[in-house]
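Colleague: Below are the sequence and a predicted model; questions follow.
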Number of protein chains: 2
Amino acid sequence: MTDETRYQLLRRLATNPDTNQRQLAAELGISLGKLNYCLQALISKGWVKAGNFSRSSNKKGYAYLLTPSGIEAKARLTIAFLHRKMAEYEQLHQEIETLRQEVHALQQKPAEGPQ
Amino acid sequence: MTDETRYQLLRRLATNPDTNQRQLAAELGISLGKLNYCLQALISKGWVKAGNFSRSSNKKGYAYLLTPSGIEAKARLTIAFLHRKMAEYEQLHQEIETLRQEVHALQQKPAEGPQ
DNA sequence: GCGTGACGGTTCAGCGGATGAACAATACGC
DNA sequence: GCGTATTGTTCATCCGCTGAACCGTCACGC
């Protein structure tokens, strides 16, 4: 399981603890089996607790609540992610610059066009 | 096979046609098997031709040369990639902004710190 | 020429993660 | 109670990737 998935899941649960697994899976763009697996991982880490109450109108299923250590972990992951994403951003900037130059070069000498 | 791999491979071959498959695989960060598969795909598309001459000092192996239609395809892919990467760049910008706000919120209320 | 070693391309059994259909458990309405 | 609907859980299956093993070829020494 990637950090990305773990983080997105914690993020989702922090704001919407009463969402069923199928919907969570759909929202994160992963399969039901994988989501279930990730969720169990978070639970066994003690970051999430499955309370069997609530779920507004419908009493089935669980509510997946972040534990205090889960909240802490989410904070840590958030900061780590910010840094990671900023690095990706910079790298993407470089890639784009390279691509721009390549495209520019193409437009300089469109010699070998069709025909 | 991803477009990314396809593009990177064409890019590599355009500048260094006389590189063996093991080295190409290492440079692209993929396995030998996958590289071979991708290369065959490009060849069967008529974008790359394996000439069995050259390879400077050492006469073994092939030189993988881009055909005219391969050059054309590379140009198309380059432009498509520039657009895609720019979109990613924008999206990443958004994500970073969101993360910044989350981090900011954390620093506002570090109430539930350890102890 | 022949043998041999090194190198490069090709193959494919095996691995690992992801999938989602099927199953089990629970709550609801009657 | 019973049937149905909803949800969590499992696991056979798939699929792409891996890299060790294999085969052909070339260069060198004899």
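Modeller: Ah, there it is.
Colleague: tell me the SS of residue A:18?
Modeller: coil (DSSP: H, G, I helix; E, B strand; the rest coil).
Colleague: That one reaches residue A:63, doesn't it?
Modeller: Yes - using C-beta atoms under 8 Å, residue A:18 is in contact with residue A:63, at 4.6 Å. Placement of C-beta: from N, CA and C, glycine included.
Colleague: can you list the residues of chain A near chain B?
Modeller: A:68, A:71-72, A:75, A:78-79, A:81-82, A:85-86, A:88-89, A:92-93, A:95-96, A:99-100, A:102-103, A:106, A:112, A:114 (C-beta under 8 Å from any C-beta of the partner chain).
Colleague: just checking: which of those residues also lie near DNA strand C?
Modeller: Counting by C-beta under 7 Å from any atom of the strand, nothing from the residues of chain A next to chain B sits close to DNA strand C.
Colleague: Restricted to helices, list these.
Modeller: Counting by DSSP state H, the residues of chain A next to chain B place A:68, A:71-72, A:75, A:78-79, A:81-82, A:85-86, A:88-89, A:92-93, A:95-96, A:99-100, A:102-103, A:106 in helices.
Colleague: Buried only: go through those residues for me.
Modeller: Buried by 16 or more other C-beta atoms under 10 Å in any protein chain shown: A:71, A:75, A:78, A:81, A:82, A:85, A:92, A:96, A:99, A:102, out of these.
Colleague: Pick out the most distant pair among the residues you listed.
Modeller: Farthest-apart pair in these is A:71 and A:102; separation 46.0 Å (C-beta to C-beta).
Colleague: ok, how many other residues are close to residue A:15?
Modeller: Neighbour count of residue A:15, defined by other C-beta atoms under 10 Å in any protein chain shown: 7.
Colleague: what about the residue nearest to residue A:30 when sequence neighbours are not counted, which helix or strand?
Modeller: Distances taken as C-beta to C-beta, 6 or more residues apart in numbering or on different chains put residue A:5 closest to residue A:30, at 6.6 Å, once the chain neighbours are dropped. Using DSSP states H and E, residue A:5 sits within helix A:3-15.
Colleague: where does the residue nearest to the spatial centre of chain A land on pLDDT?
Modeller: Residue closest to the average C-alpha location in chain A (C-alpha atoms, centre = their mean): residue A:8, at 3.4 Å. For residue A:8, the pLDDT comes out at 96.
Colleague: Ok, residue A:62 next?
Modeller: The predicted local confidence for residue A:62 is 83.
Colleague: Kindly report the same for the one 10 residues further on.
Modeller: Per-residue confidence at residue A:72 stands at 96 (pLDDT).
Colleague: after the helix or strand of chain A with the lowest mean pLDDT, next one along is what?
Modeller: Within chain A, no helix or strand scores below strand A:48-51, which has a mean of 90 by mean pLDDT, DSSP states H and E. Per DSSP H and E, the first helix or strand lying C-terminal to strand A:48-51 is strand A:63-66.
Colleague: I'd like to know which elements that next one is packed against.
Modeller: Contact partners of strand A:63-66 among helices and strands, from 3 or more C-beta pairs under 8 Å, 6 or more residues apart in numbering or on different chains; DSSP states H and E: helix A:3-15, strand A:48-51.
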